[in-house]
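In: Sequence plus the predicted model coming up.
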Amino acid sequence: MRYVALIYGAEDGTEFREVADVGAVHAGHMAFGQEAGAAGVLGGGEALQDTGTATTIRDVDGSDVITDGPFAETKEQLGGFYFLDVDNLDDALKWAAKIPHPGACIEVRPVIDFSGS
């Protein structure tokens, strides 16, 4: 099964204020990528630019309305993601727990498989 691990945190970096070495967090992501890749469970992943670069397209009464900024203003923003290809949710959670996330949270969700429909 495929899962996505969505990494949410404060966009202003407040979760890193308690971390002594931000470079170590980045190195941790590199190490996670290498470990998950070597195990054959990593299907890709990316860090996202801040929400100031976002553009939202919304259907309003059948017409697209394009606005600058994210879909919703929230305390935590989506900062990046990894795709995990594992046997089950327990395995996805074990791998997601290895993703560096000081002060942030990781949401794990299954990807819908449309290949059989």
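Out: Right, received. Where do you want to start?

In: quick one, strands of the protein?
Out: Under the criterion DSSP state E, the chain contains strands at 2-9, 42-47, 55-60, 63-68, 77-85, 105-110.

In: any chance of those strands in JSON lines, plus mean pLDDT?
Out: Supplementary listing: these in JSON lines, determined by pLDDT from 0 to 100:
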{"stretch": "strand 2-9", "mean pLDDT": "94"}
{"stretch": "strand 42-47", "mean pLDDT": "94"}
{"stretch": "strand 55-60", "mean pLDDT": "90"}
{"stretch": "strand 63-68", "mean pLDDT": "91"}
{"stretch": "strand 77-85", "mean pLDDT": "93"}
{"stretch": "strand 105-110", "mean pLDDT": "95"}
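
In: now those in CSV, with distance to Val22?
Out: (Glycine included, C-beta is placed from N, CA and C.) Converted to CSV, these look like this (distance: least, C-beta to C-beta, whole Å):
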stretch, distance to Val22
strand 2-9, 12
strand 42-47, 13
strand 55-60, 28
strand 63-68, 28
strand 77-85, 13
strand 105-110, 18
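
In: Let me have these in CSV, adding distance to Ala36 and mean neighbour count as columns.
Out: Putting the strands of the chain into CSV (distance: least, C-beta to C-beta, whole Å; neighbours: other C-beta atoms under 10 Å) gives the following:
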stretch, distance to Ala36, mean neighbour count
strand 2-9, 10, 20
strand 42-47, 4, 14
strand 55-60, 30, 9
strand 63-68, 34, 9
strand 77-85, 7, 20
strand 105-110, 13, 14
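
In: Glu35 is nearest to which of those strands?
Out: strand 42-47 (8.5 Å; C-beta to C-beta).

In: Give me the contacts around that closest one.
Out: Arg2, Ala5, His29, Gly33, Ala36, Gly79, Gly80, Phe81, Tyr82, Phe83, Leu84, Asp85 (C-beta atoms under 8 Å, 6 or more residues apart in numbering).

In: got it, and stretch 52-71?
Out: Thr51, Gln77.

In: Return the member of the contacts of strand 42-47 nearest to Thr51.
Out: Sorting these by how near they are to Thr51, with C-beta to C-beta, puts Gly79 at the top with 9.5 Å.
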